[in-house]
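Participant: Sequence and predicted structure below; questions after.
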Amino acid sequence: MVAAGSGKMTVVADDGEPPTEVEFEYTPELAIVNRAPALTFVVVDDTAWMNIEGQWHREGDGAMGDLLADGLGVLRAFSDPRASAAVIGACPEWESSGLITHADAGNAIAYECTAPFDAMGVTMSSYRIVVDPDFLGIETVATGTFMGFTTTTTQTFRDWGEPVEIPRPEVD
């Protein structure tokens, strides 16, 4: 993922909320923009901002920034594609389906986690990853329980190595 330099993903959960669009790049620094219908947030290196009603608020700056800090931490963790690597590493055992044909990406390999596990405070009951022949992510499908709520989330990756547009709120 990091070697590709940049990419995009769409995140869809079965909770009835609209999809979230995420763009990310790793050079010259980690930068992520998460565009959900109700909010936009940006992470550049270790700094995060959330846009509320057209106004950018920096994590940890002032009363609004302090209120955002916890929420941005969670959003940051699950919007950074590298978080998938941490989840993958937490699974105790994997099984490969071998070569498959993915509807959108063609040749691919799917892997299923064969045992429940905990990752980043979420109890995962199922986790499936699909990668292309270069091991770039195509899709992850995960079912997890957090604070008593269970949801299935699909992350679909695309446009690896393509240009992305990520606002830099301190400069804008």
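Facilitator: Sure thing, it's come through. Residues are numbered from 1 along each chain as shown.

Participant: Could you check stretch 131-144 and say which residues are buried?
Facilitator: Under the neighbour-count criterion of 16 or more other CB atoms under 10 Å, stretch 131-144 has 131-132, 136-144 buried. C-beta coordinates here come from the backbone N, C-alpha and C atoms, glycine included.

Participant: With stretch 23-40 instead?
Facilitator: In terms of neighbour count (16+ other CB under 10 Å), stretch 23-40 has its buried residues at 23-26, 30-34, 36, 40.

Participant: cool, and stretch 161-168?
Facilitator: For stretch 161-168, a neighbour-count test (16+ other CB under 10 Å) marks residue 164 as buried.

Participant: Could you do stretch 39-59 as well?
Facilitator: In terms of neighbour count (16+ other CB under 10 Å), stretch 39-59 has its buried residues at 40-44, 47-51, 56-59.

Participant: Skip ahead from the worst-scoring helix or strand of the chain on mean pLDDT and say which helix or strand is next.
Facilitator: Of all the helices and strands that make up the chain, the one with the lowest confidence by mean pLDDT, DSSP states H and E is helix 62-79; it has a mean of 68. The first helix or strand that comes after helix 62-79 along the chain, using DSSP states H and E, is helix 82-90.

Participant: List the contacts of that following helix.
Facilitator: Residues external to helix 82-90 that are found in contact with it (CB atoms under 8 Å, 6 or more residues apart in numbering): 1-2, 77, 117-120, 124, 127, 129, 137, 140, 142, 155.

Participant: How about stretch 11-27?
Facilitator: Contacting residues not belonging to stretch 11-27 are listed as 1-2, 5-10, 30-37, 78-81, 151-156, 164-166 [CB under 8 Å, 6+ apart].

Participant: want to throw the buried residues of stretch 39-59 into TSV with secondary structure?
Facilitator: TSV is the format used below for those (DSSP: H, G, I helix; E, B strand; the rest coil):
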residue	secondary structure
40	strand
41	strand
42	strand
43	strand
44	strand
47	strand
48	strand
49	strand
50	strand
51	strand
56	strand
57	strand
58	strand
59	coil
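
Participant: now the strands for this protein?
Facilitator: For the chain, strands defined by DSSP state E occupy the ranges 6-13, 20-25, 31-35, 40-44, 47-52, 55-58, 94-102, 106-113, 117-119, 122-131, 137-146, 149-158.
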